[in-house]
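1. The following block contains a protein sequence and its predicted model.
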Amino acid sequence: MRVLIVEDDPTARLMLKSMLIKIADVTESTTGNEGLQAFYSALKAGNHFDLICLDIGLPEIDGTDVLRLIRKAEAEKCAKKAVVLILSASSESESVQNMLALGADGYLVKPVDRAKLIARLRSLGVELSAPQDPPKTLVHEFTALCARDAVPLPLLQPLLERIQESIKRQTNRDAKPAPSPGPAAANPGSTPEGPAQPTQTQPEALQEAAPQPAQ
């Protein structure tokens with residue numbers, strides 16, 4: 001599944017990406033114009049987006065105009081329509097209702113809940129499949145946001161709890177002792193019948209085999 005996230009807020013964008021990273025190939029845009037260019041490029045290449053998460057209040061071009069232009073381009077190219085979910089702080093805003101009327105498939109109230117997001121995608125028939133090569137920049141982006149104290153506590157605290165749980169699980173797993181070797185492995189020279197007898201060295205064997213002088 002290919003997803004385009006068009007969101008200017010870095011924290012909201014990162015959190016949404018973290019929810020989708022294991023089931024989608026995610027492309028990010030921070031302005032309405034960037035989002036449109038990403039959409040047009042994918043449409044031209046025949047590699048369309050299955051899902052577009054679109055914020056309403058975007059720089060340069062707002063979400064309403066972005067949606068209008070997306071649906072127009074899809075109609076002109078007779079292309080498969082992407083599922084468009086609106087990102088909004090409230091489900092009651094007039095902008096959300098206008099965008100639903102323009103062809104949006106639904107909305108997500110921020111901060112987005114992952115369980116509700118997945119349930120919504122399944123109800124819309126969006127195929128959830130893991131990408132072949134997921135992006136590896138998520139940790140670096142999150143670290144940069146934390147360095148600027150840009151992650152709000154309501155989002156940071158549950159994430160920290162999950163990190164601590166993961167550390168605990170991995171620590172317990174790595175701390176499990178290796179299985180102790182059996183008696184034979186501990187003492188390779190022993191046998192089930194008893195300890196191995198010492199082997200004669202070559203000089204000792206020759207000395208015993210040599211004939212004794214006549215008396």
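-> Nice, thanks for sending it over.
2. Could you find the closest non-adjacent residue to residue 81?
-> residue 74 (5.3 Å; Cβ to Cβ, 6 or more residues apart in numbering). Every residue, glycine included, has its C-beta placed from N, CA and C.
3. so where's this protein shaky on pLDDT?
-> Flagging of the chain using pLDDT under 70 yields the residue ranges 91-92, 129-141, 176-215.
4. Which parts of it are strands?
-> Here the chain has its strands, by DSSP state E, at 2-6, 25-29, 51-55, 83-88, 106-109, 190-191, 194-195.
5. who does the first one pair up with?
-> Strand 2-6 pairs in its sheet with strand 25-29 (parallel), strand 51-55 (parallel), by DSSP bridges.
6. what do you get for the fifth one?
-> Sheet neighbours of strand 106-109, with direction, are listed as strand 83-88 (parallel) (DSSP bridges).
7. In contact with the closest residue to residue 127 other than its chain neighbours, which residues are there?
-> Closest residue in space to residue 127, ignoring its immediate chain neighbours: residue 1 at 5.8 Å, by Cβ to Cβ, 6+ apart. Residues in contact with residue 1 (Cβ atoms under 8 Å, 6 or more residues apart in numbering) are 23-25, 50-51, 126-129, 131.
8. Which one (most neighbours) among those?
-> For these, the largest neighbour count, defined by other Cβ atoms under 10 Å, is 25 neighbours, found at residue 24.
9. got the strands paired with strand 2-6 as JSON lines, with distance to residue 113 columns?
-> Output for those, formatted as JSON lines (distance: least, Cβ to Cβ, whole Å):
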{"stretch": "strand 25-29", "distance to residue 113": "18"}
{"stretch": "strand 51-55", "distance to residue 113": "14"}
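10. which one of the ones you listed lies closest to residue 89?
-> Minimum separation from residue 89 across the strands paired with strand 2-6 (Cβ to Cβ) falls at strand 51-55, 9.8 Å.
11. how near is the residue nearest to residue 127 to residue 32?
-> 23 Å (Cβ to Cβ, to the nearest Å).
12. Mind jotting down where the helices sit in the chain?
-> Remark: helices assigned in the chain by DSSP state H are 10-20, 32-45, 63-77, 94-102, 114-123, 138-147, 153-174, 183-186, 202-209.
13. Comparing these, which comes out most buried?
-> Highest mean neighbour count among the helices of the chain (mean count of other Cβ atoms under 10 Å): helix 10-20, with a mean of 20.
14. so how far is that helix from its chain's centroid?
-> 11 Å (Cα atoms, centre = their mean, to the nearest Å).
15. same for it, what does it pack against?
-> Here helix 10-20 touches strand 2-6, strand 25-29, helix 114-123, helix 138-147, going by 3 or more Cβ pairs under 8 Å, 6 or more residues apart in numbering; DSSP states H and E.
16. To residue 14, which of the ones you listed lies closest?
-> helix 138-147 (5.7 Å).
17. Out of the strands paired with strand 2-6, which one sits most buried?
-> Counting by mean count of other Cβ under 10 Å, the most buried of these turns out to be strand 51-55, with a mean of 27.
18. quick check: angle from that strand to helix 94-102?
-> Interaxial angle of strand 51-55 relative to helix 94-102 (axes from the mean of the first three to the mean of the last three Cα atoms, to 10 degrees): 150 degrees.
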